[in-house]
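Model the following, please.
(one chain, ligands or ions: 3)
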Amino acid sequence: MIFYFSGTGNSKHAADLIAKATNEKVISMADCVKRMQYDFKLKKGERIGFVYPIYYWSLPSVVEEFAKNISLEKYGKHYTYSVATCGVATGGADMQLAKILSKRGIGLHATFSVRMVDNYTVVFNVKNTQKNDAVNLRAEESLKNIVFLINNKTGGYHNKLRGVWPASKITKPAYDLTRKTSAFRVSEDCIGCGICAKQCPTSAISLDYGKPVWVNKKCSLCFGCLHHCPVNAINYGHMTKNHGQYTYHEAKED
Ligand SMILES: Cc1cc2nc3c(=O)[nH]c(=O)nc-3n(C[C@H](O)[C@H](O)[C@H](O)COP(=O)(O)O)c2cc1C
Ligand code: SF4
Ligand code: SF4
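Numbering: from 1, shown residues only. Ligands and ions are numbered 1, 2, ... in the order given. Sure, this is the predicted structure:
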């Protein structure tokens, strides 16, 4: 059983890859939170994975909410792992997850991380598709190694991208303060297709006379709406405008 959360496809790709190799199913944490579905029955020997992106060196709010409520029937010695996809560094997100899961009686036996394209276009420019492909090709190598370790139920904290992780104590409150939807802007290029609202994992967007309106004050800040818009009409603050759009696709070697 692999629980995943993904705004722009990196973590979904990682989850799908692991699922294929381990013959286990993927379950969307966002859908579970929407349906308030937290109870799961385990099969004997089944592995349990949590795959998610890093936001502000912390867990996405959806992942935190899901982990706080999850209930695993017949949880025993089931090998449990996490895989964080990030652009630069993860901070202490895996330790945050371990702490939350331990309160649900679940151990986190192994943690992994992989660098993929950074979709935080407030800071990063994702227009160079060749550069993006190179990053994701390198990620594929890391993912192969992670899959090998998961297949062998290897324990240990293998996350090498934590950086100065105690700083997560500061960055986590910063994330909670920043994830306000009031910073989203829609340009007149909007064609009213509704894709942004449909794919929002927190149901934070509604269409009002064909234009998106953020109906919740806070969201998970996955940037999925911004990156999936077919005409690049969504911005967050003033910095994303010229930094391009990104969604995961299989990178091709030259
Ligand atoms: C709001 C926000 C904050 C982010 N913060 C971090 C961060 O602190 N460290 C990092 O390495 N990447 C950060 N990222 C980049 C994502 O973690 C990375 O691109 C991830 O692979 C996206 O996964 P997804 O495609 O499954 O959504 C951030 C992205 C967003 C949207
Ligand atoms: S995805 Fe873009 S074009 Fe479609 S409704 Fe949303 S903002 Fe408008
Ligand atoms: S409003 Fe946009 S950034 Fe916020 S959760 Fe929904 S899709 Fe993600």
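
okay, CA-based contacts and neighbour counts for the rest of this
OK.

H227 contacts Q245, doesn't it?
Yes - if you go by Cα atoms under 8 Å, H227 and Q245 touch, sitting 4.8 Å apart.

What residues sit buried inside stretch 156-173?
Within stretch 156-173, the residues scored as buried using 16 or more other Cα atoms under 10 Å are 157, 159, 161-162, 165, 168, 171-172.

Equivalent analysis for stretch 72-86, please.
72, 75, 78-86.

sorry, back to before: could you tell me which of the buried residues of stretch 156-173 are located in helices?
168, 171-172 (DSSP state H).

Distance to ligand 3 for those residues - can I get that in a markdown table?
A markdown table is the format used below for these (distance: Cα to the nearest ligand atom, whole Å):
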| residue | distance to ligand 3 |
| --- | --- |
| S168 | 21 |
| T171 | 18 |
| K172 | 17 |
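
What ranges does the stretch 101-250 of the chain have for its helices?
In the stretch 101-250 of the chain, the helices defined using DSSP state H, counting those that start in this stretch lie at 129-151, 168-178, 195-199, 224-228.

least reliable of those helices going by mean pLDDT?
Mean pLDDT is lowest for helix 168-178 among the helices of the stretch 101-250 of the chain, at a mean of 90.

Could you list the alpha-carbon positions for it in CSV?
The C-alpha coordinates for helix 168-178 follow below in CSV (Å, rounded to 0.1, in the frame of the first residue of the first chain):
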residue,chain,number,x,y,z
SER,A,168,12.4,23.0,10.1
LYS,A,169,11.2,24.3,13.4
ILE,A,170,11.1,27.7,11.8
THR,A,171,10.2,26.8,8.3
LYS,A,172,7.1,24.7,9.3
PRO,A,173,5.3,27.7,10.9
ALA,A,174,6.4,29.8,7.9
TYR,A,175,4.6,27.2,5.6
ASP,A,176,1.5,27.4,7.7
LEU,A,177,1.5,31.2,7.6
THR,A,178,2.3,31.3,3.8
